[in-house]
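Asker: need a structure here:
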Amino acid sequence: MIIYIASYPRSGNAWVQQMITWQFRRLVSSVYQTTFPTESYQVQPWVQTTPAKRPHDQHLLRYSNRSVTAETEPWLRLINAPCMDLLTEDVRREFAADPDVYFVKTHERPFAKYFPGEKVIYVVRHPGPVCWSYMSLLNHENADKGTIEDFTLDEVVLGRVLFGSWSQFCETWLQALAALGTAAMTIDYAELKQSQHQVCLRIEEFTGLPYERREFLKFETVHQMNPVSARAGTLLGWETNYLHYQLRLLELMHGMTMRKLGYVMPSLADSLDLSLKLEPKDFIQAVERRAQHQEEMRAARGAQLEDFRKVASANREKADVRLSELKRHIALLENQHKRTAALEAQLRQIGSQKTH
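Answerer: Now for the predicted structure:
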């Protein structure tokens, strides 16, 4: 069986993964490059020494835990990541028919069709905190890469980022979940905040895996372990990060999907922002033009930064050549000094012999 943990970024996917690992003793793979929290179980990589018994065994990453191996403990096996290209229809069909359970994290849109034995846990969250948190993550990643750190909240709300629009993403998945029926379950982020225990009871019923009822890790603990992945975890107060026109943009872009999911928006009745008086179409076009300008400016600054790096690299290469030349010159001078010192010693010795 394959169970996909699907969500738009910053919706609680990592939190559900942590619960699957902590409470159900299953490692979660990913369609993206990732590292696995194997330290929680003190496991070490284990290389299979026997030939694969099934065709899809070749796609498994295996671990050992002291004297226990993945051959006897299924939870020590997981699909090798990144598995985006690996999950062809044939491979998915083989894993879906496997009696063991394999979890895979994804932020992608749903497959066109699902096979018997494939299930989905869909994690969803109010777009207000999602968009703000996603913007923060994108800028953090850009800072780590040394690129221009200026993704705006407007761009994220408009969907001009990786994974696109929140509402379009949700609508696509809501259609897929309806088609999957009992092979799908939805977890709202608010449920995770309210009662992890109740969520685990639902996961136990959905997956058939035993829920171990271990003491839950507090959000603060998870945040300390990974402050980028578990950033703030807020349900209320997110609107203070938005300007009034951005709240209206959020409502216009995602309001219909929000209402389907029971999400509400703060009131803008007392706002003095004149842009709120524009017709919805004109308002969105104005924000899109500003986002387009922002994107063009970022591209221009990125090009300037790349030119600067090329110049700096060329200057560094010239400096390295010059340094090598200086080192060779110093080496020649040192050799010359040694020869001169040796010659002076010989002359002194000859002079001493003539004296005697």
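
Asker: low-confidence ranges in the stretch 251-356 of the chain?
Answerer: Counting by pLDDT under 70, the ranges of the stretch 251-356 of the chain that qualify are 268-277, 297, 301, 304-305, 308, 354-356.

Asker: Please enumerate the helices of it.
Answerer: 280-355 (DSSP state H, counting those that start in this stretch).

Asker: One more: the chain?
Answerer: Counting by DSSP state H, the chain has helices at residues 13-24, 89-97, 127-145, 153-158, 166-180, 189-194, 196-207, 219-225, 244-261, 280-355.

Asker: now for those, which one comes closest to residue 1?
Answerer: Comparing the helices of the chain against residue 1 with C-beta to C-beta, the closest turns out to be helix 89-97 (6.3 Å). Every residue, glycine included, has its C-beta placed from N, CA and C.

Asker: contact partners of that closest one?
Answerer: For helix 89-97, contacts defined as C-beta atoms under 8 Å, 6 or more residues apart in numbering pick out 1-2, 54-56, 59, 79, 102, 111, 115-118.

Asker: May I see the buried residues of that helix?
Answerer: Going by neighbour count (16 or more other C-beta atoms under 10 Å), the buried part of helix 89-97 is 91, 92, 94, 95, 96.

Asker: if I look at the third one, how far off is residue 101?
Answerer: As judged by C-beta to C-beta, to the nearest Å, residue 94 and residue 101 stand 14 Å apart.

Asker: try the fourth one
Answerer: Using C-beta to C-beta, one gets 10 Å for the distance from residue 95 to residue 101.

Asker: residues shared between the contacts of these two?
Answerer: By C-beta under 8 Å, 6+ apart, the residues touching both residue 95 and residue 101 are residue 1.

Asker: about what we covered before: just the contacts of helix 89-97 now: which is nearest residue 252?
Answerer: residue 111 (30.5 Å).

Asker: Next up, the contacts around that closest one.
Answerer: Applying C-beta under 8 Å, 6+ apart, we find residue 111 in contact with 92, 176.

Asker: cool, and residue 296?
Answerer: Contacts for residue 296 (C-beta under 8 Å, 6+ apart) come out as none.

Asker: do the same with residue 251
Answerer: For residue 251, counting by C-beta under 8 Å, 6+ apart, the contacting residues are 258, 265.

Asker: Recalculate using a threshold of 7 Å.
Answerer: residue 265 (C-beta atoms under 7 Å, 6 or more residues apart in numbering).

Asker: how close does it sit to residue 125?
Answerer: In terms of C-beta to C-beta, residue 251 sits 17 Å off from residue 125.

Asker: go on, residue 295?
Answerer: For residue 295 relative to residue 125 (C-beta to C-beta), the value is 26 Å.

Asker: For those two, indicate the residue with more neighbours.
Answerer: residue 125 (25 against 15; other C-beta atoms under 10 Å).

Asker: May I ask you to confirm that the more buried one is in contact with residue 12?
Answerer: Yes: the criterion here is C-beta atoms under 7 Å, and residue 125 meets it with residue 12 at 5.7 Å.
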